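K.L.:
A predicted structure for the sequence below; I have some questions about it.
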Amino acid sequence: MKRDTLPFYTMDNFVFDGKKVLLRVDINSPIDNAGNISDETRIRSHAETINELIDLGASVSILAHQGRPGDADFTTLEAHSKMLQKHVKAPLKYVDDLFGPTAREAIKSMNQGDVLLLENARFYSEENVEKVPEVQAKTFLVRYLAPLFSIYVNDAFATAHRGHPSLTGFPMVMPSAGGRLLEKEVEFLSTVSSGSSKPCIFVLGGGKVSDSVQLMETLLPTGMADKVLLTGMISHLFLIAQGKKVGRATLKIMEGKGLNSLLPRAESLLKKYGERIMTPVDVATLKSGARYETGLSGVGDDAPIYDVGEGTVSAYCEELKKAKTVMMRGPAGFIEDPRFTRGSEALLRCLVSTNAKSLLGGGHLRAISEKLGVADKIGYFSTGGGAFITFLSGEKMPALEVLITSAKKFKSDK
Ligand code: 3PG
C-alpha cells in the first residue's frame, strides 16, 4: 500500500480501469436571490478528480448535496450539472433521483468514461441525520447504491466534518479512497496546523452560527486562537449576550432562525474569554432602502443589521496587523446584496496589506477576493468553511476518520 503521509487510501492505491466509481463531492454553492448559483468555485474544484477518473477508465456517478431542508438554497442539482459539465471532459448526465429505480437503471447502464450526477442527497431524510458510521452503513442509500459500485471515492473535504451516510456509510462497506481535492486540502492544512505562527487570529462570520459557536468552544480554551474577531450573524449573537443594542428587526431575524438558544453558550464564552473576543463597535443597517452606518446606540428598531461599519473594520484591521497567522471564514455581512459587501471587502483589503500568513475558508470570501483582485495575495483558499476551521482546530472529522477505518478493513489494488 502506497501511503506516504496520509493514513487512508488515495486514488493512487486503486486501479480504476473498467470500474464503476461512486464519487462524493461538495458542490454546495451560494445561490443568489434569483435562484442562480453565484459562485462556481467548488464546482470547478472537483473537475481534476472527475477528469482523472475518466482518464483512468472509470465510469463516475456523483453524489452531492445543496443547502439544508427548509433553507432558501435547498434545491435540485440540475443547475449544478450544467456548470459542472463546463469543466468535465465527458458528457455529463443528470438524473433527478438518488437511489430509486431511475437512478439505479441509469447507473447500471453506464459505460466506461460516462459521468452521472445524482439528485441532492439531502432530499432523502436519513442523509440529514448524524450517526456513527456503523449505523450509516445500514441506511437505504448505502444498501441500494453500494452493490452497484466497486470503489467509493470521497472528494468532499468541505463537508468532511459531517457524519452523514453519503460520507461515512459507504467506506464501511466497500474499498474507499480520498479524492484529489480532499487529499490536497488535508495535506496542505496538516502542514499549516502543525506550524501556524502566533499570534493567530480567527475572523468568523457567515451564516452557520451554531457551528461557529462550537468552534469557539474549542479554539479559545486550547489557545489555538489568540483572538477571535466576530462579524456577520454570530457577532449579533455576541452583541446581544453583551447586553448591547441590536434593534428589534435583528432580534426578530435571530429569533426566526432559532439562534437565541445559543445565548447561554455565548455568555459563557464571554465570561471566560471575553478579553479575546471582539465584537463590532458599529454596524451598517438597512434604513429607508439604503445602507446606513451607525454606532450601536443608533440602531433603529426597524433597521436590520446587514454589515459591519467602518469603525469596526479599523479596529479589526489594527488587530490583523499584529497577527502572524489569520484564518478567516464567512463574509462579514449580507453580501448577496451589493450594498452590504463593503465590510467584507475592507477586511480582505486590510488582510492582504499585512504580513500575516492568510488562510481563507468558504466560497464567498474567495469570490470577493477574486472580484477585488487580491486573490493572489492570499496564502491559501480552502473549499471548506466549517470543515476548514474544524480541521484546523484539531477536532475529529467523521468522513476522514472512516476513510482510515476503511483502509484497515479493505485491501487496495496496489
Ligand atoms: C459547507 O458548505 O460548509 C458544506 O457543504 C457543509 O454544509 P452544511 O454546513 O450544511 O452541512
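P.N.:
It's in.
K.L.:
how about the residues of the protein that lie near the ligand?
P.N.:
26, 28, 68, 158-159, 162, 208, 385-386 (CB under 6 Å from any ligand atom). From N, CA and C alone the C-beta is placed, and that goes for glycine too.
K.L.:
Report the buried members of these.
P.N.:
Buried members of those, counted by 16 or more other CB atoms under 10 Å: 26, 28, 158-159, 162, 208, 385-386.
K.L.:
So which of the residues you listed are in helices?
P.N.:
residue 386 (DSSP state H).
K.L.:
would you list the buried ones among the residues of the chain next to the ligand in a markdown table and tack on pLDDT?
P.N.:
Listed next are these as a markdown table, based on pLDDT from 0 to 100:
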| residue | pLDDT |
| --- | --- |
| 26 | 98 |
| 28 | 95 |
| 158 | 96 |
| 159 | 97 |
| 162 | 97 |
| 208 | 88 |
| 385 | 87 |
| 386 | 87 |
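K.L.:
farthest pair in the buried ones among the residues of the chain next to the ligand?
P.N.:
Using CB to CB, the pair of these lying farthest apart is 26 and 208, separated by 14.1 Å.
K.L.:
where does the protein have low pLDDT?
P.N.:
Applying pLDDT under 70 to the chain flags the ranges 1-5, 195-196.
K.L.:
Look through it and state the residue closest to the ligand.
P.N.:
residue 28 (3.5 Å; CB to the nearest ligand atom).
K.L.:
Report the residue ranges of every domain in this protein.
P.N.:
3-185+395-409, 191-392 (automatic domain parsing).
K.L.:
Grab the nearest non-local neighbour of residue 150.
P.N.:
residue 19 (4.5 Å; CB to CB, 6 or more residues apart in numbering).
K.L.:
oh sorry, the question was meant for residue 240
P.N.:
residue 246 (5.9 Å).
K.L.:
And the helices in the stretch 51-200 of the chain, which stretches?
P.N.:
Applying DSSP state H, counting those that start in this stretch to the stretch 51-200 of the chain gives helices spanning 78-85, 101-108, 133-136, 140-145, 165-168, 170-173, 180-194.
K.L.:
highest average neighbour count across those helices?
P.N.:
Sort these by mean neighbour count, taking mean count of other CB atoms under 10 Å, and helix 165-168 sits at the top with a mean of 29.
K.L.:
and that one, what does it pack onto?
P.N.:
helix 133-136, helix 140-145, helix 398-409 (3 or more CB pairs under 8 Å, 6 or more residues apart in numbering; DSSP states H and E).
K.L.:
contacting residues for the residue of the chain closest to the ligand?
P.N.:
Residue 28 is in contact with 42, 64-67, 158-159, counting by CB atoms under 8 Å, 6 or more residues apart in numbering.
K.L.:
Among those, name the buried ones.
P.N.:
Of the contacts of residue 28, these count as buried by 16+ other CB under 10 Å: 42, 64-66, 158-159.
K.L.:
Show me which of those residues is closest to residue 103.
P.N.:
Looking across these and measuring by CB to CB, the closest to residue 103 is residue 64, at 13.2 Å.
K.L.:
list the contacts for the closest one?
P.N.:
With CB under 8 Å, 6+ apart, residue 64 has these contacts: 24-28, 77, 80, 117-118, 120-121, 156.
K.L.:
Show me where the stretch 201-350 of the chain has its strands.
P.N.:
227-230, 277-278, 282-287, 290-295, 305-308, 325-329 (DSSP state E, counting those that start in this stretch).
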